[in-house]
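Participant: Got a predicted structure plus its sequence, pasted below:
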Amino acid sequence: MPFKSKAQRRKFAELLVAGKIKPETYEEWNRETGRAELPERVTPARKAKKSAKLRGAAKRRITATRKRKSTKRGTATRRSK
């Protein structure tokens, strides 16, 4: 079975050096792949979420709002006692 990416080829070379796969296995895969131009990775990298900064800002606003509300409730409760 041929390699599907450069990353996979590197991983198998690492396993070969570590002695976890046989040299024959690596050579077989390498022969079958030949000189094919392989992509760096088979699946594209995930895109970063755009709303990461917004989520943090929204979280801070919610926390601040909760603190204000809890303070108001606390003062109202103390007055009634």
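Facilitator: All right, it came through fine. Remember, it's a predicted structure, so these values are computed and weren't measured experimentally.
Participant: hey, where'd the helices end up in the protein?
Facilitator: Per DSSP state H, the chain carries helices over the ranges 6-18, 23-33, 52-80.
Participant: Identify the residues contacting the first one?
Facilitator: Surrounding helix 6-18, the residues in contact under the criterion Cβ atoms under 8 Å, 6 or more residues apart in numbering are Phe3, Ile21, Pro23, Tyr26, Trp29, Asn30, Thr33, Leu38, Pro39, Glu40, Arg41, Val42. All C-beta atoms are positioned from the backbone trio N, CA, C, and that covers glycine.
Participant: Pop the domain breakdown of this protein in here.
Facilitator: 1-46, 51-81 (automatic domain parsing).
Participant: ok, of those domains, where does mean pLDDT dip lowest?
Facilitator: Ranked by mean pLDDT, the domains of the chain bottom out at domain 51-81, with a mean of 63.
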